[in-house]
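J.: I'll drop the sequence and a predicted model, then ask my questions.
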Amino acid sequence: MPNRLPRALLGGAIGLVGLIAILRLIIGGFPGSPVLAGVVCGIVMLSWVGYVGWRAGRSDLGRRASLITLSLAIIGLVLVWWGTAGPVLGLGCSFAGFLIIRRHGPRPVSTERRRLFRIEGPQHPPED
């Protein structure tokens with residue numbers, strides 16, 4: 001995809017599937033009072049949605065990878081609401097979509113620019 005906004009929205013959709021899935025797991029796991037756990041987990045997962053969207057916006061997703069990622073988001077969103085195992089399968093789809101986005105991510109910075117100091121070879125003292 002040549003445009004950055006659709007890639008970022010696609011990454012946000014993948015992150016949103018993970019958010020819904022984890023909230024469903026938390027609410028199902030705390031039968032008494034899941035409100036506090038749901039709020040805390042929701043706040044944490046909102047940063048995940050933002051990170052996946054940011055990472056996807058910077059990635060170099062092609063048409064094929066975008067379609068696969070979009071289909072994983074749709075399948076994950078449908079599976080999240082399916083029974084007890086649905087949230088786990090939805091998290092799996094979200095993670096698989098993130099791995100595709102990460103695979104097509106930007107190239108790492110070269111080690112030359114990240115080096116804090118340079119080690120040179122042995123120095124010979126000046127001869128008299």
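T.: On my side now, so go ahead. Numbering: from 1, shown residues only.
J.: use CA for all of it now, contacts and neighbours both
T.: OK.
J.: State the number of residues packed around residue 124.
T.: Counted with other C-alpha atoms under 10 Å, residues neighbouring residue 124 total 6.
J.: Equivalent analysis for residue 28, please.
T.: 13.
J.: Next one: it relative to residue 69, how far apart?
T.: 27 Å (C-alpha to C-alpha, to the nearest Å).
J.: for residue 62, same thing?
T.: 10 Å.
J.: more crowded one of those two?
T.: Legend: neighbour count by other C-alpha under 10 Å for residue 62 and residue 69, higher for residue 69 (25 against 12).
J.: Touching, that one and residue 97? I think so.
T.: Yes. With contact defined as C-alpha atoms under 8 Å, residue 69 reaches residue 97; the gap is 5.1 Å.
J.: what sits in contact with each of these two?
T.: By the contact definition C-alpha atoms under 8 Å, 6 or more residues apart in numbering, residue 69 and residue 97 are jointly contacted by residue 14.
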